[in-house]
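Asks: Got a predicted model here, sequence first, then my questions.
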Amino acid sequence: MTQSAPEALKGEDWAGEMGERWLASLDRFEGMIAPIGAALLARADYAKGERVLDLGCGGGATTLAIAEAVGPNGAALGLDIAPMLIAQAKARAAAAASPARFVCADAATAALDEPPFDRLFSRFGSMFFEAPVPAFTNLRGWLKPGARIDLAVWAHPRDNAWMMEMMGVVRSHVDVPPAVPRAPGPFAFEDLSYLEAILTEAGFGAMEAVAYEGEQPVGGPNATPQEATAFALASMAAGRILAEQGEAVLAAARADLTAMFTRFHREGEGVMLGCKAWLVSAQA
Ligand SMILES: C[S@@+](CC[C@H](N)C(=O)[O-])C[C@H]1O[C@@H](n2cnc3c(N)ncnc32)[C@H](O)[C@@H]1O
């Protein structure tokens, strides 16, 4: 029998709990989504000398790559609402002697003391705004007229086996209310017509999107099923939901998650599950 989860799926507190979770598993998260970042960077195809803003840059891995692409006459600025992630990004940049710079601010409302940017990039950092139209309007104010934005956003959960399989196990142990379509969160822009309406209202045009489809290593490359389970429980909303149910439920779910991840484990690769994202571009 499943338990109920009244506290399940609260909003994501990136400046607090969710930022701490992302930081604690930074390498594993970045390892999972590295191929999608590489595909978005290839699509953006930055030129030397461009000024690029990395929205919701997290630990800054993509900002460092952008700094490399635009060279010493360009600029790469990572912006994130989570202070602990910005601290980590700054430490990484210092260690790598990278010219990438970082600012901690809420992109929805911040005023940036910066010359306008040529481009905006975001790997999964644009779907968390409570009020997306004013937020994207604010972002447009930081860009030169005609500047191109490149966003990676998750497609529908049904096309993301990593999420479906995990939630299938979680739902066999606890009642999770159905996700609210378009609510701020990883899948807010699963419906591209919603994103296009937001961008249009915020003054952007010429939206184009291509699908990225592949497999991603849950818990990072070469994670064992046990490591993938520990990662899922420690870092994803599913773990919080199960932890709220007590030790017996958590232990049973842990065993089922490990059994499920074992079915998708491939030696030398890790726990490989299907994923689909949209690579979206538009013009300010
Ligand atoms: C899924 S993580 C992606 C991090 C990074 N882009 C990457 O790919 O490694 C989402 C990021 O968006 C940031 N974020 C969420 N809401 C934000 C806001 N209003 N302003 C700035 N950053 C925000 C979070 O703090 C988090 O670092």
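Replies: Good, I have the coordinates. Numbers count the residues shown, from 1 in each chain.
Asks: tell me, how many neighbours does whatever residue of the stretch 151-284 of the chain ends up closest to the ligand end up with?
Replies: Taking Cβ to the nearest ligand atom, the ligand has its nearest neighbour within the stretch 151-284 of the chain at P186, 6.8 Å off. Where you see a C-beta, it was placed from the backbone N, CA and C, and this is true even at glycine. Residues within reach of P186, counting by other Cβ atoms under 10 Å, total 18.
Asks: quick check, it in a helix?
Replies: No - counting by DSSP: H, G, I helix; E, B strand; the rest coil, P186 is not part of a helix but coil.
Asks: which residue packs closest to it, ignoring adjacent ones?
Replies: Among residues not flanking P186 along the chain, W154 sits closest, at 5.1 Å (Cβ to Cβ, 6 or more residues apart in numbering).
Asks: now that neighbour: how far from G60?
Replies: Here W154 is placed at a distance of 21 Å from G60 (Cβ to Cβ, to the nearest Å).
Asks: Looking at those two, which one has more neighbours?
Replies: G60 (29 against 22).
Asks: Spatially nearest residue to the more buried one (excluding sequence neighbours)?
Replies: Leaving aside its sequence neighbours, G60 sits nearest to A89 (Cβ to Cβ, 6+ apart; 2.8 Å).
Asks: How about the secondary structure of that neighbour?
Replies: helix.
Asks: can you list the residues of the chain near the ligand?
Replies: Within the chain, the residues that sit near the ligand (Cβ under 6 Å from any ligand atom) are 14, 19, 22, 30, 33, 56-59, 61-62, 79-82, 85, 106-108, 123-125, 128-129.
Asks: Narrow these to those in strands?
Replies: L79, D80, R123 (DSSP state E).
Asks: pretty sure the second one is in contact with A110, am I right?
Replies: No - in this structure, D80 is not within contact of A110 by Cβ atoms under 8 Å, at 10.8 Å.
Asks: more crowded one of these two?
Replies: D80 (29 against 15).
Asks: Look up how far F124 lies from that one.
Replies: With distances taken as Cβ to Cβ, D80 is found 12 Å from F124.
Asks: Identify the contacts common to the two.
Replies: G56 (Cβ atoms under 8 Å, 6 or more residues apart in numbering).
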